[in-house]
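Undergrad: sequence first, then the predicted structure, then my questions.
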Amino acid sequence: MVVVNKGILERSAPIFGMAANIQYGLSQEEVDGIIRILPPQLKSILGALLAPRSADATVRISRALSGYLSMIESAHDDGKKIILHPFNFPPELLYAFEGAVPMCEEIMNTLGVMVLDGQIERYIDITREMGLPDSLCTSGVGLAGSLLSGMDVTPDAIISASPGSCDNNSKLYEFLAEYLEVPTFFTAKPADNTKRSFEAYKNNFRDFVRDLEGFVGEELDEGRLREVMKNANTAAEYFYELNDLRKVVPCPVPNVFAFFMYATKYTMWGTKESIDMVKMMVQVAEERKRRGDYPAPEERARALWIYTGHYFDIGGLFNWMEENGITYLNDILGFFFPNHVDTSDKETMIDGAAESTWNYPMTRQVGADFSVWVDDLVWEINELGADCCIFCGHPACKQTWGVFRIVRDEIRKRTGTPMLRLQADSWDKRMTPVTTLQDEIENFVKTVVENK
């Protein structure tokens, strides 16, 4: 076991600060020189991310994430309040407050998985030692262990966004708030997706914003809110351009851009950095399309992951798939379909944020009616030309395991698309090694996809 006396934030920030100093346009010789001096875990991850097809985008997002982590580190010194929020809450609303700083639980957790020696296993084990059940989702348990140990920054408040879409995270947030003695703000989604429910949700969301204003100690400034919402609208335009590029065969969008996209969406949406990041991804993909670049002799399979991916070995999954002709089209964390926010006045912008939150992944698909998940999957399969689906089989997601067979059969009936079921923890490699996942994916492609 790796013993540490620092939290995820304090350990991750210097690593991203180092990566932020890497220059664009590196040669393979220069990449090899950087990789040679790194510890094993970072060598594996950075080596994968600095592959020629994604290197410049890796440098760009490293710079943005370095700024994000530094902003959180200095928040209290700057007199600002850190608001811990889940991935299914729009950070742009928090950026509209001068005195608030967003901190996304799942992204912080995943950054630790990607760059820390020992990944987040020690922090997960801390929660187990405290008596928290091992059924909790490891998407946030690592960060929770870091926070509960007292080794990390303490958030000033927690947002629990539509807790019904993930009971595990809901209970973890309740425990964190109780243990850390910080308030919790809820955006509770009704149990159906009707127009009447959405109107009720918007009313509740306005109350939520007023409560947040009272806690932060400032009323949302309309001009500042309009600026971040316009930034979000511009980034959304590039998002849809990138989505269109995924339709091209072979796919010119690097597999790892799936992760880059939702890392951008969940940490910096509403900032200028988010526009620059998504624009760069579009430019990289367009250039690959123009040159006809693809890192394998042919595109053997176009896989849509119907739930999350696996993040404990980026090179061993995202890059390995692409180099073996298997495209990672998207996964549920990328199913956020950003809406264009009406920036006419403060009320329309808050309603736009409510609509965005209502339509976030998991909140939309599994927070009320699983048929929406199926409908979205059918749309994505047809839109992106997927010829197979993969289910990650994350152990904590009991609600999706409970309907997996129904979803698989319905997808097969409506699209003819075969589905592979994996069993592995998305954030903890100790459950299933990546080599086992590679074998199962390769066998599925060879025996099912290529022969259907």
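TA: In hand now; what should we look at? Everything numeric in this text was worked out from a predicted model, so none of it was measured.

Undergrad: can we go C-alpha only for contacts and neighbour counts from here?
TA: Fine.

Undergrad: so where is the stretch 351-452 of the chain shaky, pLDDT-wise?
TA: 367-369 (pLDDT under 70).

Undergrad: quick one: Arg288 from Gly325, how far?
TA: As judged by C-alpha to C-alpha, to the nearest Å, Arg288 and Gly325 stand 15 Å apart.

Undergrad: same question for Val341.
TA: Distance, Val341 to Gly325, using C-alpha to C-alpha: 38 Å.

Undergrad: contacting residues around Ala263?
TA: Ile107 (C-alpha atoms under 8 Å, 6 or more residues apart in numbering).

Undergrad: these two touch, right, Lys80 and Ala100?
TA: Yes. Proximity of Lys80 to Ala100 meets the contact threshold set by C-alpha atoms under 8 Å, at 5.3 Å.

Undergrad: compare those two (neighbour count), which wins?
TA: The neighbour count for Lys80 versus Ala100, taken as other C-alpha atoms under 10 Å, is higher for Ala100 (25 against 18).

Undergrad: ok, what's across the strand from that one?
TA: Beta bridges link Ala100 to Lys81, judged by DSSP bridges.

Undergrad: OK, contacts around it?
TA: Contacts of Ala100 (C-alpha under 8 Å, 6+ apart): 80-83, 94, 216.

Undergrad: can you tell me which of those is nearest Thr435?
TA: Nearest to Thr435 among the contacts of Ala100, counting by C-alpha to C-alpha, is Ile83 at 37.6 Å.

Undergrad: now the helix or strand containing that closest one - C-alpha only, CSV.
TA: Here Ile83 sits within strand 81-85, counting by DSSP states H and E. C-alpha atoms of strand 81-85 as CSV (Å, rounded to 0.1, in the frame of the first residue of the first chain):
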residue,chain,number,x,y,z
LYS,A,81,-15.8,29.7,-1.2
ILE,A,82,-15.1,26.3,-2.7
ILE,A,83,-18.2,24.6,-3.9
LEU,A,84,-17.9,20.8,-4.3
HIS,A,85,-20.2,19.6,-7.1
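
Undergrad: any stretches of the stretch 151-300 of the chain with poor pLDDT?
TA: If you take pLDDT under 70 as the line, the stretch 151-300 of the chain has these spans: 163-164, 167.

Undergrad: pull the longest helix from this structure.
TA: When the chain is scanned for its longest helix (criterion: DSSP state H), the result is helix 222-245.

Undergrad: which elements pack onto that helix?
TA: helix 91-95, helix 272-291, helix 346-358 (3 or more C-alpha pairs under 8 Å, 6 or more residues apart in numbering; DSSP states H and E).

Undergrad: one more time with 6 Å
TA: Applying 3 or more C-alpha pairs under 6 Å, 6 or more residues apart in numbering; DSSP states H and E, one finds that helix 222-245 contacts helix 272-291.

Undergrad: buried stuff in the helix it packs on?
TA: 272-286, 288-289 (16 or more other C-alpha atoms under 10 Å).

Undergrad: name the helices or strands packed onto it?
TA: Contacts defined by 3+ C-alpha pairs under 6 Å, 6+ apart place helix 272-291 against helix 222-245.

Undergrad: hmm, who's touching the helix it packs on?
TA: Helix 222-245 is contacted from outside by 96, 269-271, 275, 279, 282, 338, 340, 343, 346, using C-alpha atoms under 6 Å, 6 or more residues apart in numbering.

Undergrad: could you tell me which of those count as buried?
TA: By neighbour count, with 16+ other C-alpha under 10 Å, those hold 96, 269-271, 275, 279, 282, 338, 340, 343, 346 as buried.

Undergrad: max pairwise distance over these: which two?
TA: Farthest pair in the buried ones among the contacts of helix 222-245, by C-alpha to C-alpha: Val282 and Lys346, 30.9 Å.

Undergrad: look up how far Leu212 lies from the residue nearest to Ala96 when sequence neighbours are not counted.
TA: Closest residue in space to Ala96, ignoring its immediate chain neighbours: Leu225 at 4.8 Å, by C-alpha to C-alpha, 6 or more residues apart in numbering. Distance, Leu225 to Leu212, by C-alpha to C-alpha: 14 Å.

Undergrad: kindly report the same for Gly352.
TA: 17 Å.

Undergrad: compare those two (neighbour count), which wins?
TA: Neighbour count, other C-alpha under 10 Å: between Gly352 and Leu212, Leu212 has more, with 22 against 19.
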